[in-house]
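*Asks:* take a look and give me a structure for this.
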Amino acid sequence: MLGKTFKKLLDRRALSPVISTVIMIGAIVALLGVTLIYANGLLLSKVAEGDFNAAKPFMRTMGLQIDDVAWTIGRTETLRYSSKYGEVRLEPSTLNYTVNVETDGSGTYKFSNKTGVLLFNIATSRYSVANGYWSLISPSQDDALILKGASASVARVFAVERMPMQDGSYIRVVAAPAIRTLFSSINTSSSSTLYIKLYLPVLKLGEAPRRSQSVTLTGKSFAANTLNDVTSINVTVDFPRGPSPENFDSFFFHFPSLSEVIDIPAGYSDVVLEFYVSEVTVDFGINF
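*Replies:* Residues are numbered from 1 along each chain as shown. Just a heads-up that it's a prediction; the model follows:
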């Protein structure tokens, strides 16, 4: 009887290390599972962050390419990108620029043009900075509605995260068309003429088969409006969808101002406005 009891105690002692080992292995496997899930989530977050950082120079280049194709009918440029979580799309008729012009004796003129904007979208479920985040990428200085000078772009590029939005929750890099102005003059012995030139590209959606991650810009049409004896020029921007927390409005774009009066210096016998508007189509994934 004593021998049987002793044998049972030995059996129990023999099983104890085995049970402990199984428990430890199970705990280690569970910890490894949690660690792998965390590491995988961190890796995917870093990939999405890389997509966002790569989108900034890409969209800055996009703004420069818009300027390259806008003023030559038929000119085409294709930009390719590689992104796991990001996608470029065009939001149509998002901005409306209006140029109000007064002339000496001829009356008042009004030119209105709606344009789309280009968005590089990454879902905030993949990467997020903070709701309300906004950061200017290009130009380096942005203190007026109109961009000035021969070296100025015709697009503002910025990063923004705003929720909620009608099209979903994204952190975005945006290329928004802008008006550029140039001044030039011709002086003779009997007269002096000031030329004020305004340039505006209008983005419109073309084809979008999306067979590849590429954006193709094409200069489709070009129009010039010329007025003489100009006495006043006022440029405004508004948002066709109206002010709303869910819309692409002034809070989304952060324009320095929503209107700007162009100063016309005195002393010229004639002031001529030349307003150039170009239609640029945007195609997605049509070229390999």
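*Asks:* how much space between the closest residue to Asp229 other than its chain neighbours and Pro265?
*Replies:* In space, and not counting its chain neighbours, Asp229 is closest to Asp104: 4.1 Å by Cβ to Cβ, 6 or more residues apart in numbering. Where you see a C-beta, it was placed from the backbone N, CA and C, and this is true even at glycine. Shown here: Asp104 relative to Pro265, a distance of 15 Å by Cβ to Cβ, to the nearest Å.
*Asks:* follow-up on the earlier one: the residue nearest to Asp229: what's it in contact with?
*Replies:* By Cβ atoms under 8 Å, 6 or more residues apart in numbering, Asp104 lies in contact with Asp229, Val230, Thr231.
*Asks:* helix, strand or coil for the residue nearest to the spatial centre of the chain?
*Replies:* Residue closest to the mean C-alpha point of the chain, counted by Cα atoms, centre = their mean, is Val174 at 0.8 Å. Of the three states, Val174 takes strand under DSSP: H, G, I helix; E, B strand; the rest coil.
*Asks:* equivalent analysis for Asn53, please.
*Replies:* helix.
*Asks:* okay, now it: neighbour count?
*Replies:* As a burial measure, Asn53 scores 13 neighbours (other Cβ atoms under 10 Å).
*Asks:* swap in Ser106?
*Replies:* So Ser106, with other Cβ under 10 Å, has 13 neighbours.
*Asks:* try Glu87
*Replies:* Neighbour tally, Glu87, other Cβ under 10 Å: 16.
*Asks:* equivalent analysis for Ser269, please.
*Replies:* With other Cβ under 10 Å as criterion, Ser269 counts 12.
*Asks:* from here on, call the first residue 18.
*Replies:* Renumbered: residue one is now 18, and that last one reads Ser286.
*Asks:* list the contacts of it.
*Replies:* Taking Cβ under 8 Å, 6+ apart as the test, what Ser286 contacts is Ser208, Ser209, Thr210.
*Asks:* go again using 10 Å as the cut-off
*Replies:* Asn204, Thr205, Ser207, Ser208, Ser209, Thr210, Leu211, Asp246 (Cβ atoms under 10 Å, 6 or more residues apart in numbering).
*Asks:* paired strands for the stretch of helix or strand Gly133 belongs to, with orientation please.
*Replies:* Taking DSSP states H and E as the definition, Gly133 sits inside strand 124-140. If you go by DSSP bridges, strand 124-140 pairs up with strand 103-120 (antiparallel), strand 187-194 (antiparallel).
*Asks:* mind checking which helix or strand Ile83 is in?
*Replies:* Per DSSP H and E: helix 19-87 holds Ile83.
*Asks:* apologies, that question was intended for Asp159.
*Replies:* Using DSSP H and E, no helix or strand contains Asp159.
*Asks:* wait, doesn't it sit right on Ala195?
*Replies:* Yes - counting by Cβ atoms under 10 Å, Asp159 does reach Ala195; the two are 9.4 Å apart.
*Asks:* more neighbours: those two, which one.
*Replies:* Between Asp159 and Ala195, counting by other Cβ under 10 Å, Ala195 is the more crowded of the two (25 against 16).
*Asks:* so that one is in contact with Val219, correct?
*Replies:* No - counting by Cβ under 10 Å, Ala195 stays clear of Val219, with 11.8 Å between them.
*Asks:* shared neighbours, those two?
*Replies:* With Cβ under 10 Å, 6+ apart, Ala195 and Val219 have common neighbours Leu112, Tyr114, Thr132.
*Asks:* for those residues, which one is nearest Met79?
*Replies:* Thr132 (14.1 Å; Cβ to Cβ).
*Asks:* tell me what that closest one is bridged to.
*Replies:* Leu112.
*Asks:* contacting residues around it?
*Replies:* 107, 109-114, 193-195, 217-221, 294, 296-297.
*Asks:* cool, Glu291 as well?
*Replies:* Glu291 neighbours (Cβ under 10 Å, 6+ apart): Leu199, Ser201, Tyr212, Ile213, Lys214, Leu215, Tyr216, Ala241, Asn242, Thr243, Leu244.
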